[in-house]
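J.: the following comprises the amino acid sequence and a computationally predicted model.
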Amino acid sequence: MMQQAQDLLEEGKELKSLLDTLSGDQLNNSTNFKNWTVNKVVQHLHGSDRMAVLSLKDPEGFKQTIKQPDRVRSNMNPEQAGTGLVQDWWQYFEEMAELLGASDPKRRLPWFGPDMGVMMFTTARQMETWAHGQEIFDLFEVPRINSDRIRNIAVIGVKTYGWTFVNRGQQPPGPAPYVELTAPSGEVWSFNEYSEESFVEGSAVEFCHVVTQGRHIQDVNLTVSGDVAHQWMAIAQCFAGPPENPPEPGSRLAKG
């Protein structure tokens, strides 16, 4: 299995292990992400995973589906809730990871917007699973032990520097800042051309929280230097879709 697909599968297993400890009532609790309940978070992930499986198994069927808003809404907004939803999400998630792992990494998959290569598509699904999973870990104040598979998400965060601005109708304010991150294992990862004036430095996990908009830049201990780096970290967005503003400081930290 392609390493990125294995990382995706491990990400899903971690989230499922937490969801399996929750009661039906707890799945109705609201997270700090737009006040979504746990059920809503899982429904959101499940809807995207279902569409991913369709894209992998029937690309032409996927293309036809996204032309029909009612069919998209039906696929993206499953009506299940509770433990049945969790099990259905996991069934599709496992199938998605297996299909991605067996695919040619250079294969192009139809998606909302431009087609995506299998490798980047796989990492994007890991990113969304990790980011939305954090909302549930925060809600129940469960300590999360991250692994170096988070590098995949950090890479997306770095690569979407320019897109963060273009997505807002802006020109990037300068060359991408140097990024130096410390992995959960202690390994140091560096990206972009070295600079002593324009850089982001610190925990890889905290960097991923910021680029996925799970945390405001003021809620982490990253060192940010230079106007360009500050402008980027203030609006960083590594996920697709229209521009989103980062959360207010302190608004998405663990409850309690």
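T.: That came through, no problem.

J.: wait, residue 233 sits on residue 213?
T.: No. Counting by Cβ atoms under 8 Å, residue 233 does not reach residue 213; the two are 11.1 Å apart. In short, each C-beta sits where N, CA and C put it, glycine included.

J.: quickly list the domain ranges of the protein.
T.: Domain segmentation of the chain under automatic domain parsing yields 3-145, 150-235.

J.: what's the span of the shortest one, first residue to last?
T.: For domain 150-235, the separation between the terminal residues is 21 Å (Cα to Cα, to the nearest Å).

J.: which strands or helices does the lowest-mean-pLDDT helix or strand in the chain pack on?
T.: Least confident helix or strand, the chain: helix 69-76 with a mean of 76, by mean pLDDT, DSSP states H and E. Under the contact definition 3 or more Cβ pairs under 8 Å, 6 or more residues apart in numbering; DSSP states H and E, helix 69-76 sits against helix 38-57, helix 59-65.

J.: who's in contact with that helix?
T.: 47-48, 50-51, 54, 65-66 (Cβ atoms under 8 Å, 6 or more residues apart in numbering).

J.: who touches the residue lying closest to residue 227 once chain neighbours are set aside in this structure?
T.: Once flanking residues are discounted, residue 227 sits nearest to residue 173: 7.0 Å by Cβ to Cβ, 6 or more residues apart in numbering. Counting by Cβ under 8 Å, 6+ apart, residue 173 makes contact with 165, 227-228, 231.

J.: which strand or helix spans residue 202?
T.: Applying DSSP states H and E as the criterion places residue 202 in strand 199-203.

J.: could you measure from residue 228 over to residue 157?
T.: 15 Å (Cβ to Cβ, to the nearest Å).

J.: please apply the same query to residue 166.
T.: Residue 166 is 16 Å from residue 157, by Cβ to Cβ.

J.: the two: who's more crowded?
T.: residue 157 (27 against 11; other Cβ atoms under 10 Å).

J.: name the SS class of the more buried one, please.
T.: helix (DSSP: H, G, I helix; E, B strand; the rest coil).

J.: hang on, isn't it packed against residue 207?
T.: Yes. In terms of Cβ under 8 Å, residue 157 counts as a neighbour of residue 207; the distance is 6.1 Å.

J.: which pair of the contacts of residue 173 spans the longest distance?
T.: Pairwise distances across these (Cβ to Cβ) peak at 13.1 Å, for the pair 165 and 227.
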